[in-house]
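In: give me coordinates for this.
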Amino acid sequence: MTAKTPDWKDEGGLKPRSSRYINMEALPWRPTSFPGVEIKILLEDKDSGLMTSLTRMAPGAKLPLHEHTDIEQTYVIEGRLVDEEGEVKAGQYVWRPAGSRHVATAPEGALLLGMFLRPNRFL
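Out: Numbering: from 1, shown residues only. Here you go, the predicted structure:
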């Protein structure tokens, strides 16, 4: 199995088909190359590109122009995410088709659950 939680230390002793119960507090926030944007990778399969992550955006943080190479899904836990098409607020969900492009900002900051079939391509 190539899917795993990269920063989780307790996976080594599990059987391949065992459930993975992740202590979220134990996972570190990873900085990204974008100021004010950090992620926790919950699930990653580097072979297929599948990834589920928590993204924390500081107030005013921005994800520059990028393309979704496959379907991308976002559930907003806190704050709001804004782009040229609209906004999605806490408790709301948005999904984007493959090939869609946008610049995403978090005016007041945001905490997001993101699900990706393949990684974004930043332009």
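In: and the strands in this structure?
Out: Assigned by DSSP state E, the chain shows strands spanning 3-4, 30-31, 37-45, 51-57, 61-67, 72-83, 86-89, 93-96, 101-106, 110-116, 121-122.
In: dump those to a markdown table, plus distance to residue 13, mean pLDDT and mean neighbour count.
Out: In short, each C-beta sits where N, CA and C put it, glycine included. Formatted as a markdown table, those follow (distance: least, C-beta to C-beta, whole Å; pLDDT from 0 to 100; neighbours: other C-beta atoms under 10 Å):
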| stretch | distance to residue 13 | mean pLDDT | mean neighbour count |
| --- | --- | --- | --- |
| strand 3-4 | 13 | 84 | 14 |
| strand 30-31 | 24 | 95 | 12 |
| strand 37-45 | 19 | 95 | 18 |
| strand 51-57 | 22 | 96 | 20 |
| strand 61-67 | 36 | 93 | 16 |
| strand 72-83 | 30 | 97 | 18 |
| strand 86-89 | 39 | 97 | 14 |
| strand 93-96 | 35 | 96 | 14 |
| strand 101-106 | 38 | 95 | 18 |
| strand 110-116 | 27 | 96 | 19 |
| strand 121-122 | 37 | 78 | 11 |
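In: which of the ones you listed sits closest to residue 10?
Out: strand 3-4 (11.3 Å; C-beta to C-beta).
In: and the closest one, what does it pack onto?
Out: For strand 3-4, the elements it packs on are strand 37-45, judged by 3 or more C-beta pairs under 8 Å, 6 or more residues apart in numbering; DSSP states H and E.
In: pairing partners for the strand it packs on, with directions?
Out: Based on DSSP bridges, the pairing partners of strand 37-45 within the sheet are strand 3-4 (antiparallel), strand 30-31 (antiparallel), strand 51-57 (antiparallel).
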